[in-house]
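Using only what follows, build the 3D model:
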Amino acid sequence: MENAERRIEKRLRYSWPVWFAENFNDMLTQGQMIDVSSRGAAFSCYADRCPWPGQHITARFSVPRYDQGDSFDLENFIREGHICRVDEISPFVRRVAIQFAEPLPFKPGETDDVDAEDVMLIDENPAEDAADCASAEPITLS
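The predicted structure follows:
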């Protein structure tokens, strides 16, 4: 059986910090952004501070938004969402997929600026879609 394409938009792949917590009054944990779309994101974090599938968290992160020229501005966001998948990258690092409760106001991976694609990789690979995980089965690590 072929894997059906579930992705409805391209993801912007980049590596910048993301901060998250179950409640922003709690101590924040830092992760590293892997990719983002308007509906969700994937980030890596240490296994001992990793959220679990089904957990609701709040994340704070920045996304580059390209203009008509060769430059971009960073837009800062705080988004609530739920963890829909956790994958083991190594014994100490996890890849976490979050689906936002409220989408971003733009689609970060869809840009008309060709030069921007040289700076940030736009992922068109039909493999796992970390940002569109509404229908994905969560993976529970033991």
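
residues in contact with His56?
By Cβ atoms under 8 Å, 6 or more residues apart in numbering, the residues touching His56 are Glu22, Glu80, Gly81, His82, Ile83. For glycine as for every other residue, the C-beta is placed from the backbone atoms N, C-alpha and C.

now do Val18
Gln30, Gly31, Gln32, Met33, Ala41, Phe43, Ala59, Arg60, Phe61.

from those, which is closest to Trp16?
Set against Trp16, the nearest of the contacts of Val18 by Cβ to Cβ is Met33 (5.1 Å).

rewinding a little: just the buried members of the contacts of Val18?
With burial judged by 16 or more other Cβ atoms under 10 Å, the buried subset of the contacts of Val18 is Gly31, Met33, Ala41, Phe43, Ala59, Phe61.

okay if I get these as TSV plus secondary structure and pLDDT?
As requested, these are exported to TSV (DSSP: H, G, I helix; E, B strand; the rest coil; pLDDT from 0 to 100):
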residue	secondary structure	pLDDT
Gly31	strand	98
Met33	strand	97
Ala41	strand	97
Phe43	strand	98
Ala59	strand	97
Phe61	strand	97
